[in-house]
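Engineer: Need the 3D shape of this:
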Amino acid sequence: MHKHIKRDDRVCIVLMLKQGYTNTDIAKELDFNKSTISREIKRNSRDGIYRVSFANRKSKERRKYSKVDYRIIDNNLKLKRKIKYYIKKDLSPEQIEGTHSLCSHMTIYRYVSRNPKLKTHLRRQGKRRRKYGTKANLSRYQANKRSIHIRETVVRERQRLGDWEGDTIVGKERKLRIVTYVDRKSGLLIANLTTGKADDIHSLVKQQFKGKVCKTITYDNGSEFALHKMVERDTRALVYFADKGKPQQRGCNENANGLLRQYFPKGSSFATITDKDVQRAVRRLNNRPRKRLNYLTPRQVYKLHLKS
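Structural biologist: Residues are numbered from 1 along each chain as shown. Predicted structure coming up:
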């Protein structure tokens, strides 16, 4: 089946190019042919640089103008006049198709969507709903995500060390973030100051989990975790994703982020802090007794289970 490169794929291409990956590596990661990736980069680059926004815009332009010669209504003046006449009489595309059999209602809808003035005559002028019974087409990045719902029981019930939940805390300027990981069993917190870029978050992974047990990681759906396949490769852990808009599915991490906010309040600037400040707060939290742990600290519980 023919596959188109989508925006999420382009994000991954940019990030992998920055890290020095070849077109063959990128093609393998995103499940495309090598020539597809080469062609995408060549025709959607400007001044020798491949950027997501420019590539996306050029792709949309090509798709838009490639269909102009085949549009049924646009290329038939008589039909166009009739469609406009009935639309301005406030007939719906379905009613026009059913009573006059000029063309399909979907063809009329597409024509109207390209002509904003005609759109005001439709009863519903908002975003068109997807047809009942159909599914949204996922990008390779989205389709390759492993759902939280297939995690093993041992992960869900906090039976072992090494099952982490990950997220980021955003600073006032939004460019700087604190990426956080919490062990579900012990509550041990790992955190570092970084940017919201997926390649920066990925490059931290080896450093953050050095000397620590890491079996699974559960993320939210932020684009900063776009390189999750590389995170899996570097940590040898299975990466899962929570459902969109369901932060309660990563309760351990959300709770830890709330505790970290005591030191870095919401709306505060991260430009005024350093990673040393973050590590100072992390040490305090990891050495703070928790009721859930029978008033042991996360560090004590982690070390205790590490030895057993």
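
Engineer: for this protein, what's the longest helix?
Structural biologist: When the chain is parsed with DSSP state H, its longest helix is helix 52-66.

Engineer: avg pLDDT for it?
Structural biologist: Averaging pLDDT along helix 52-66 yields 84.

Engineer: Which segments of this protein make up each domain?
Structural biologist: Domain assignment for the chain by automatic domain parsing gives 7-66, 70-119, 146-307.

Engineer: so which of those is the most packed in?
Structural biologist: Ranked by mean neighbour count, the domains of the chain are led by domain 146-307 with a mean of 17 (mean count of other CB atoms under 10 Å). Quick note: C-beta positions are derived from backbone N, CA and C, even for glycine.

Engineer: Distance from the chain centre to it, please.
Structural biologist: 17 Å (CA atoms, centre = their mean, to the nearest Å).

Engineer: For the helix or strand just after the longest helix of the chain, name the packing helices and strands.
Structural biologist: Next helix or strand after helix 52-66 toward the C-terminus (DSSP states H and E): helix 77-88. Helices and strands touching helix 77-88, by 3 or more CB pairs under 8 Å, 6 or more residues apart in numbering; DSSP states H and E, are helix 93-100, helix 105-113, helix 116-119.

Engineer: among those, which is nearest Arg57?
Structural biologist: Closest approach to Arg57 among these (CB to CB): helix 105-113, 18.9 Å.

Engineer: Against which helices or strands is that closest one packed?
Structural biologist: helix 77-88, helix 93-100, helix 116-119.

Engineer: Mind telling me which of those the model trusts least?
Structural biologist: Among the helices and strands packed on helix 105-113, helix 116-119 scores lowest, with a mean of 84.

Engineer: Alpha carbons of that helix, as PDB, please.
Structural biologist: Extracted C-alpha coordinates of helix 116-119, given in PDB (Å, rounded to 0.1, in the frame of the first residue of the first chain):
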ATOM      1  CA  PRO A 116     -15.500  30.100   2.100                       C
ATOM      2  CA  LYS A 117     -18.400  32.300   0.900                       C
ATOM      3  CA  LEU A 118     -20.500  29.300  -0.100                       C
ATOM      4  CA  LYS A 119     -19.700  27.700   3.300                       C
END
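
Engineer: Which strands and helices lie in contact with that helix?
Structural biologist: Partner elements for helix 116-119 (3+ CB pairs under 8 Å, 6+ apart): helix 77-88, helix 105-113.

Engineer: Output the helices and strands packed on helix 105-113 in CSV; the columns should cover distance to Phe241.
Structural biologist: CSV is the format used below for the helices and strands packed on helix 105-113 (distance: least, CB to CB, whole Å):
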stretch, distance to Phe241
helix 77-88, 43
helix 93-100, 38
helix 116-119, 36
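
Engineer: And Ile169, its phi and psi?
Structural biologist: phi -110, psi 130 (degrees, to the nearest 10).

Engineer: Thr218 now?
Structural biologist: According to degrees, to the nearest 10, Thr218 has phi -120, psi 120.

Engineer: cool, Val182 as well?
Structural biologist: phi -130, psi 130.

Engineer: quick one on the thing from earlier: closest to Val52 out of the helices and strands packed on helix 116-119?
Structural biologist: helix 105-113 (24.9 Å).

Engineer: Let me see the mean pLDDT of stretch 203-218.
Structural biologist: Per-residue scores along stretch 203-218 average to 93.

Engineer: swap in stretch 14-25?
Structural biologist: On average, stretch 14-25 scores 88.

Engineer: Ala55 and Glu40 touch, don't they?
Structural biologist: Yes - the pair Ala55 / Glu40 is scored as a contact, 7.2 Å apart, by CB atoms under 8 Å.

Engineer: what residues do the two have in common as contacts?
Structural biologist: Arg10 (CB atoms under 8 Å, 6 or more residues apart in numbering).

Engineer: now what about stretch 40-47, what contacts it?
Structural biologist: 5, 10, 13, 17, 23, 50-51, 54-55, 58-59.

Engineer: rerun that using 7 Å as the cut-off
Structural biologist: Residues from elsewhere that reach stretch 40-47 (CB atoms under 7 Å, 6 or more residues apart in numbering): 5, 23, 50, 54-55, 58-59.

Engineer: Go through these and name the one nearest Asp163.
Structural biologist: Closest to Asp163, out of all of the contacts of stretch 40-47 and judged by CB to CB, is Ile5, at 33.9 Å.

Engineer: Can you tell me the SS state at that closest one?
Structural biologist: Three-state assignment for Ile5 (DSSP: H, G, I helix; E, B strand; the rest coil): coil.

Engineer: swap in the one 5 residues further on?
Structural biologist: Judged by three-state DSSP, the three-state class of Arg10 is helix.

Engineer: For it, give me its contacts.
Structural biologist: For Arg10, the contact set (CB under 7 Å, 6+ apart) comprises 52, 55-56.
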